[in-house]
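>>> fold the stuff below for me.
(2 chains, ligands or ions: 1)
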Amino acid sequence: MNNFEWADAKSIDEAQSLMTDASAYKAGGVDLLDLMKEHIAAPKRIVNIRNLQGFDQIKEDGGVLHLGPLLTLAQIADDKTIRSKWSAIADAAANAATPQIRNMATLGGNLLQRPRCWYFRNELFPCRKKGGEICYAQQGENQYHAIFNNQLCAIVHPSALACALVAHGAKLELSGAKNQKREVLLEEFLTLPSVDLHRENSIQSGELITDIRVPTPRADAKSIYIKQGEKESFDWPIAEIAMVLTMDGETCKSASIVLGAAAPVPHRATEAEQAITGKKVDEQSAGAAAKAALATATPLALNGYKLALFENLLTRTLLQAKGNA
Amino acid sequence: MAEKTTTEAPAAAPTEKPPVPQAALPKNGAEKPKTDTQTYPVGIAGVKIEEEERKVPATEAPPLPINEKLAVIGKPTPRVDGRAKVTGAAKYSADINLPGMLFAKLITSTVPHAIIKSIDTSAAEKHPAFRAIHMLDRDRSAAQTEEEKKDNWPRVRYVGQPLGAVCAPTQAHADDIARLVKITYEQKPFVVDPDKAKEPNAPIIFQGNAEQAGTAGGGGGPKDVKQNGNVRGPVAKGEADKAEIAFNSADVTVELDFRTQVQTHCALETHGLVADWKPDMLTVWASTQGTSSVRDELAAVFNLKKSQVRVITEYMGGGFGAKFGAGNYGVLATHLSKKANAPVRLMLDRREEHLCVGNRPSSIQKLKIGAKKDGTLVAMRLQSYGTAGVGTGAGASGPTQNLYTCPAIYTEDSDVFTNAGPSSAFRAPGHPQGAFSLEQGIDSLAEKLKMDPLALRDKIDDSEARREERRIGAERIGWKDRKPAGSDAGPIKRGIGVAQAIWYRIMNRDSHCDVRITQDGSVEFLSGVQDIGTGIRTALAQIVAETLGLKPTDITVKIGDTNYPQGPNSGGSVTTNSISPVARNAAWAAREQFLGQVAPALGVSADELEMADGRVFPKNNPNQSLTFKQAAKKMKVEQVAARGDRSDDYESKKGPRGKGAGGLGGVQFCQVAVDTSTGHIKVEKVVAVHDCGRPINPMGVKSQVNGGVIQGISYALFENRILDRNTGVMVNTNLEQYKIAGSREMPEIDAQLIEQYWGKSSTDAAGIGEPATVATAACVANAVYNAIGVRITQIPMTPAVVLEALASKQKASA
Ligand SMILES: Cc1cc2nc3c(=O)[nH]c(=O)nc-3n(C[C@H](O)[C@H](O)[C@H](O)COP(=O)(O)OP(=O)(O)OC[C@H]3O[C@@H](n4cnc5c(N)ncnc54)[C@H](O)[C@@H]3O)c2cc1C
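Have a look, this model is predicted:
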């Protein structure tokens, strides 16, 4: 790890004035430290935002749930308000990483963490994401890589919270220098390699996430998140699904379905959404919707198993949503 | 191989059987030691115990009765050092902090196959924190050809190979400085996939014959084996023709292919040591399974007398077979300490630990079994290839050679060199791989014969221990309720499976100790033997306590130091078998001296005295007793002391296989749930029934069984060293993407022990560490078959593997 200067910010203004191109914000530090230890990041200055006050709120106000970026995953997992109507978000937090990490990791950091691709994370591989010529995953060890949008760079987006938040149609408030604020749909904020090879989102230099805003779903909506790992402890998903369904009896009125560990961004399964909307949810329609979701997949040599996995899980989850009705 | 070492392994023992340590050759043949004839219990407690006579050296302690009749031995005993470990008072190698100590960092290769052209250390040496650098002349852990012995620098044969090390006052500085060393390589073609490495036009990894020495933990292939390209072997056992002819007489045959992966040891404590070079004495605090193996290698490399090297291992955080000798890292740390004139600590980081200090070789196995209608085996053949990277010793034929009675067994083992880190001994070398194939082969034979898998094993396995273990295990897992394969409805299917283990009764006569009793009532046990986490410290305290009528906590056990009498290296599950009789004999001899000293005070002769419950008393007058402490005060001298040595195993009639050559047993049962939608396997329950001769501390033995089962499940389902096929770089050099079973992967483990007496030594104890992990992966695979009706012949059984197997079955039946 490189030597660095430590700066503890007391306010947003101070944080932004301490920020330079060679600096990095640190929230929980879980991801940043990992990157530094692997010599993937080498900031000259670390601007600690962990001690900023007032960024750990959980507040429902006028049909919007406000989540502070410094909330820990543990706080999100344990909160009754979140669990009442946004259980996908609570479950995404509860199933991520390990208890120790959930106590340190923040929501903002979770959304902005870098991918876990083992080529990206290893300094011996000058991969495309790091400015090189090659995506080593294409012809390499790609069992954990993307099955959608994987031609340029086959990372999967690492954030479980992003899956659940995209399914819920969440927006981010971003604060730039001189307290300029903008609001952007999370789904649009997260970008594919075809938009930007080197980054996974469109945050601007010095910008901070200052609020995460989640619309309150209709009272009859089902909010579901499931994670499938190879292991149940201390493991990343090989597939995850977040969905928000509104049901009229057994019929699906609207569906928002997101696949995680599937693509370089949380993958919106629009084909499945269309296929199930307006249908009575049963084995057949759920299966057909799941099939539709995978129709456009382009698996690599070693990750073809994810097709069957996602299809089965998606079918199961749709039926589970109905069962909860 | 040492002649004075005994093992119950049959003649055709597997090559990767732990080598049997350099033995003491105490007897010059001049005079025969006096012998006595004694009577020992022999058999299985609760089944049948007989009395048998043995001629034993007169120096042996008298026979012990079976555990039921003992006060301390055989009673579950908490670790005497448990408190020190959980409070952090226990000091491991990485906790050693000496004044002025420097920290070292390895310099490792970044390319898979190359000749080093130049090494530029100038930038490193200019760093203000630089203290010393040392570059290796060869890779001490890998095989080597004659030709390259002249080279100045090691040939680079895998990514992550240690080339040298630097040291500095902090670890952070050492890490930085190591990165400043610039190495220029002439790169050569490489190959990491054993299937490709076998091909005739594959890049050649060793030009000329390559030999790798084994360690006290095993590993290393047999010597002088023919080498063709990257294939070293086959090493054949048995007669091929005889097996072929025998197959013709079979009513039923099964033929199956299997694949197992490379597993790295992943001990929580990485390899490493602190070396303190002083002109007249080198002291090292090493994380090792063999204090004397480290001493011997350092003495040889640095041209010192063994008496000038002291190795200390007070506590150790796991080795699993990979920690013998000084290794590249130990030699480097010692050179650095000598050059920098300061103590040096070198502990590997997790990446280095995965890459350069050993692993369990992979295997690609072809198994054929032929049997008569009634199950009688007529022939078995196993052809196995495996890669030990740049090492040797990937054989997997041990179980096929030794587990079942079969008149014609033929096996071939070959190593395939690849540009990958060398293997080393790993908990029952070759056996989890071999059991994975054999035990699935036996199960599929049972299915073809329409026989129950246990009934078939009753027919072909003559081990009395395993027969009893099958009976106990079947009852505890609920075998009679086992359903036909794949019969559960719904996506989640449950199944029950069984698999058997074999290991050998191996001991090392280089096992010595002192037992001392001092006037203040303190009792000490001293030996170089190390506690590698298995609890030998506690077992030794129990044995001395039993002999002196005391409690284990009354005994101070001082071990893990070459300043004490030489102890055995802990590999091959030899430790308890080797050192426990020595402890018993020394304690008995000390007891005799002690009683001789205190008898006058009690007004009786020494042989009229008894020791029990912390008291010393005349046998015929227990009321006239002294406490042990009071008695000690009556000694006329300050201290009595006795030396214990390991005599050879007592001679016994070589019984049927089950009594001797069948080795140690172990039968495991498990229940799994397979989610056929996701391919996820959950092991829900394991019943592991094992034997280890006389169990000294059943709590310690069960803890070993738990560990063996957990490591076996982890091997069956998760662990896998993944090398990038295009660059040779291991991509999962951490504990995040190198997956190990965690807390939620733990099944209910029901560990059961039987007591089997052989009448072989004064304690009659054998080992458990290795047998406990042999059967697990096979057992999980057999249970998965019972759940889903599809045989998975490859580990790790990840969701990808399971989903693919289910899909190909569906295709086949469509
Ligand atoms: C073993 C392991 C398993 C894991 N498993 C999972 C899993 O299953 N699912 C999952 O989702 N995650 C998982 N994680 C990832 C973990 O959740 C993230 O690393 C963590 O959430 C990052 O949060 P942090 O606060 O520590 O971020 P930091 O490391 O502090 O920051 C990460 C990045 O975000 C930036 N940043 C942070 N906050 C802000 C802000 N408010 N505004 C602007 N920029 C900001 C930082 O500058 C930095 O670039 C796992 C991690 C490990 C080590």
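>>> taking the stretch 1-150 of chain A, what residue is nearest to chain B?
Nearest to chain B, among the residues of the stretch 1-150 of chain A, is A:W118, at 4.0 Å (CB to the nearest CB). Bear in mind the C-beta positions are built from the backbone N, C-alpha and C, glycine included.
>>> residues near the closest residue to that residue other than its chain neighbours, how many?
Of all residues not flanking A:W118 in the chain, B:V731 sits nearest, at 4.0 Å (CB to CB, 6 or more residues apart in numbering or on different chains). B:V731 has 24 neighbours, counted by other CB atoms under 10 Å in any protein chain shown.
>>> residues contacting B:V731?
Going by CB atoms under 8 Å, 6 or more residues apart in numbering or on different chains, B:V731 touches A:118-119, A:122, A:140-141, B:722-724, B:737.
>>> related to what we said a few turns ago, for the residue of the stretch 1-150 of chain A closest to chain B, helix, strand, or coil?
Assigned with DSSP: H, G, I helix; E, B strand; the rest coil, A:W118 falls in the coil class.
>>> helices or strands next to the helix or strand harbouring B:V86 in the packing?
In this assignment (DSSP states H and E), B:V86 forms part of helix B:82-87. When contacts are defined as 3 or more CB pairs under 8 Å, 6 or more residues apart in numbering or on different chains; DSSP states H and E, helix B:82-87 packs onto no helix or strand at all.
>>> beyond it, next helix or strand please.
Counting by DSSP H and E, what follows helix B:82-87 is strand B:102-108.
>>> element containing the residue of the stretch 51-200 of chain A found nearest the ligand?
The ligand sits closest to A:G109 of the stretch 51-200 of chain A, with a gap of 2.0 Å, by CB to the nearest ligand atom. Secondary structure assignment for A:G109, by DSSP H and E: helix A:107-112.
>>> and B:N67, how far from B:E60?
According to CB to CB, to the nearest Å, B:N67 stands 19 Å off from B:E60.
>>> quick one: contacts for the residue nearest to B:E684 when sequence neighbours are not counted?
Among residues not flanking B:E684 along the chain, B:Q671 sits closest, at 4.8 Å (CB to CB, 6+ apart). With contact set as CB under 8 Å, 6+ apart, B:Q671 has these partners: B:477, B:494-496, B:683-685, B:747, B:783.
>>> could you list the low-confidence segments of the stretch 101-250 of chain A?
Flagging of the stretch 101-250 of chain A using pLDDT under 70 yields an empty set of residue ranges.
>>> strands along that one, start to end?
Per DSSP state E, counting those that start in this stretch, the stretch 101-250 of chain A carries strands over the ranges A:171-175, A:181-185, A:208-215, A:221-229, A:237-248.
>>> residues in contact with A:T251?
A:278-281.
>>> so how far does stretch B:745-757 reach from one end to the other?
35 Å (CA to CA, to the nearest Å).
>>> quick one: is it near chain A?
Yes. Counting by CB under 8 Å from any CB of the partner chain, contacts between stretch B:745-757 and chain A involve B:E745.
>>> domain ranges for the chain, per the record?
Defaulting to chain A. A:1-47, A:58-112+A:156-215, A:221-322 (automatic domain parsing).
>>> hmm, I had chain B in mind actually
B:64-89+B:506-645, B:93-191+B:274-349.
>>> wait, which of those domains is closest to the ligand?
Of all those, it is domain B:93-191+B:274-349 that lies closest to the ligand, at 16.3 Å by CB to the nearest ligand atom.
>>> residues contacting residue 320?
All of this refers to chain A. A:I224.
>>> please refer instead to chain B.
B:F320 neighbours (CB under 8 Å, 6+ apart): B:265, B:267, B:426-427, B:711.
>>> state the distance from it to B:V357.
From B:F320 to B:V357 the distance is 11 Å (CB to CB).
>>> next one: B:R591
For B:R591, the distance to B:V357 - CB to CB - is 43 Å.
>>> what does B:L377 give?
39 Å.
>>> who's more crowded, those two?
Using other CB under 10 Å as the criterion, B:L377 and B:V357 rank with B:V357 on top: 25 against 22.
>>> mind listing what whatever residue of chain B ends up closest to the ligand touches?
The nearest approach of chain B to the ligand comes at B:E736, 4.6 Å away (CB to the nearest ligand atom). For B:E736, the contacting residues are A:234, A:236, by CB under 8 Å, 6+ apart.
>>> and the pLDDT for it?
At B:E736, the predicted lDDT confidence score is 95.
>>> on the three-state scheme, it is what?
coil.
>>> leaving aside the residues next to it on the chain, what's closest to B:A428?
B:E770 (3.8 Å).
>>> dump the residue contacts of that neighbour.
Shown in contact with B:E770 (CB under 8 Å, 6+ apart): B:427-428, B:431, B:503, B:572-573, B:708.
>>> mind doing that once more with 10 Å?
Contacts for B:E770 (CB atoms under 10 Å, 6 or more residues apart in numbering or on different chains) come out as B:18, B:217-218, B:320-321, B:425-429, B:431-432, B:501, B:503-504, B:506, B:571-574, B:664, B:666, B:704, B:708.
>>> tell me the confidence at B:K34?
On the pLDDT scale, B:K34 gets 87.
>>> check the one 3 residues further on too.
As summarised for this prediction, B:T37 has a pLDDT of 95.
>>> kindly report the same for B:L382.
Looking at B:L382, its pLDDT is 98.
>>> quickly find the element holding it.
strand B:377-386.
>>> swap in B:R537?
B:R537 belongs to helix B:536-548 when assigned by DSSP H and E.
>>> how many neighbours does whatever residue of chain A ends up closest to chain B have?
Nearest residue of chain A to chain B (CB to the nearest CB) works out as A:S233 at 3.1 Å. Residues lying near A:S233 (other CB under 10 Å) number 15.
>>> next up, the contacts around the nearest residue to it once chain neighbours are set aside.
With sequence-adjacent residues excluded and distances taken as CB to CB, 6+ apart, A:S233 is closest to B:G742, at 3.1 Å. By CB under 10 Å, 6+ apart, B:G742 lies in contact with A:98, A:231-235, B:710, B:714, B:718, B:735.
>>> can you say which of these are buried?
Buried by 16 or more other CB atoms under 10 Å in any protein chain shown: A:231-232, A:234-235, B:710, B:714, B:718, out of those.
>>> export these to CSV and tack on distance to the ligand?
Shown next, in CSV, are those (distance: CB to the nearest ligand atom, whole Å):
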residue, distance to the ligand
A:K231, 11
A:E232, 11
A:F234, 6
A:D235, 7
B:I710, 20
B:S714, 17
B:F718, 14
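>>> tabulate those (a markdown table), appending distance to B:H173.
Listed next are the buried ones among the contacts of B:G742 as a markdown table, based on distance: CB to CB, whole Å:
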| residue | distance to B:H173 |
| --- | --- |
| A:K231 | 37 |
| A:E232 | 40 |
| A:F234 | 31 |
| A:D235 | 35 |
| B:I710 | 38 |
| B:S714 | 36 |
| B:F718 | 36 |
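>>> for chain A, what are the nearby residues on the stretch 451-600 of chain B?
Proximity of the stretch 451-600 of chain B to chain A (CB under 10 Å from any CB of the partner chain) is limited to residues B:P491.
>>> C-terminal to whichever helix or strand B:I183 is part of, what's the next element?
For B:I183, the enclosing helix or strand under DSSP H and E is strand B:182-187. As assigned by DSSP H and E, the chain's next helix or strand after strand B:182-187 is helix B:194-197.
>>> which other residues reach the next helix or strand along the chain from that following helix?
The first helix or strand that comes after helix B:194-197 along the chain, using DSSP H and E, is strand B:227-228. Residues outside strand B:227-228 that contact it (CB under 10 Å, 6+ apart): B:143, B:145, B:198, B:200, B:204, B:206, B:208-211, B:233, B:392, B:414-415, B:417.
>>> in PyMOL, how would I select the buried members of the residues you listed?
To isolate in PyMOL the members of those that are buried, counting by 16+ other CB under 10 Å, one can use:
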select buried, chain B and resi 143+198+204+206+209+210+211+233+392+414+415+417
